[in-house]
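1. Sequence plus the predicted model coming up.
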Amino acid sequence: MWRIQISLLGILFFIIFIETSVIPFISQGLRVDFFIGMIIALVIYAPFSRGFIFVIISTLFLQAFTGARLGYISLFYMIAYLGLDLLKNIIYLESFTVQFLIGASFQVFIVFLAAIIVGMDVFPVGIYSLMTGAFFTGIVTPVMVYIVYRLQIAYEPA
């Protein structure tokens, strides 16, 4: 169990580097969310107790590196995790298409939820940038699910 958690934290730090350094260097208004894919993978492949604790701890790291207000990122991602955990019995989450659609829609949902709660203005960044970010988030989501799946297979005994 600890090897999986440590590997997931290593992937998380790589994701934080990509989201805070590389993507803003390419385009300032673009936001691609890799973490939603990890949340979907944790809902599918990890028990609730392990996945929810990882989401709580990792959102604190995300918050520290993004400079967001205290508690908002944690709140948004915990809502996403709990919502997906409720949906996993209704929707087949292991499909590439479903992962793409959920990743893109949750990215748009989180941005608009932040706009409502925090009072952030979405439109100066541009709706095209938001939709491009949602599209790339949807593409990255199945990749992150596959990475977590491979970690689960490598570290869990059969």
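-> Right, received. Where do you want to start? Numbering: from 1, shown residues only.

2. Remind me what the helix or strand hosting residue 132 packs against, helices and strands.
-> If you go by DSSP states H and E, residue 132 is part of helix 127-155. Contact partners of helix 127-155 among helices and strands, from 3 or more Cβ pairs under 8 Å, 6 or more residues apart in numbering; DSSP states H and E: helix 2-17, helix 35-45, helix 96-118. Every residue, glycine included, has its C-beta placed from N, CA and C.

3. buried ones in the helix or strand of the chain with the lowest mean pLDDT?
-> Taking mean pLDDT, DSSP states H and E as the measure, helix 23-26 is the helix or strand of the chain with the lowest mean score, a mean of 83. Judged by neighbour count (16 or more other Cβ atoms under 10 Å), helix 23-26 contains these buried residues: residue 23.

4. Repeat that for stretch 78-85.
-> Those buried within stretch 78-85 under the rule 16+ other Cβ under 10 Å are 78, 80-81, 84.

5. Looking at those, which are in helices?
-> Secondary structure from DSSP state H places 78, 80-81, 84 of the buried residues of stretch 78-85 in helices.

6. Let me have those in JSON lines, extended by pLDDT.
-> Formatted as JSON lines, these follow (pLDDT from 0 to 100):
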{"residue": "78", "pLDDT": "89"}
{"residue": "80", "pLDDT": "88"}
{"residue": "81", "pLDDT": "92"}
{"residue": "84", "pLDDT": "90"}
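
7. can you redo those as a markdown table with distance to residue 101?
-> Shown next, in a markdown table, are those (distance: Cβ to Cβ, whole Å):
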| residue | distance to residue 101 |
| --- | --- |
| 78 | 21 |
| 80 | 14 |
| 81 | 17 |
| 84 | 12 |
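
8. for these, which one is nearest residue 100?
-> Using Cβ to Cβ, residue 84 is the member of those that lies nearest residue 100, at 14.2 Å.

9. Pull the contacting residues for the closest one.
-> 39-40, 43, 93, 102 (Cβ atoms under 8 Å, 6 or more residues apart in numbering).

10. how about 7 Å then?
-> Going by Cβ atoms under 7 Å, 6 or more residues apart in numbering, residue 84 touches 39-40, 43.
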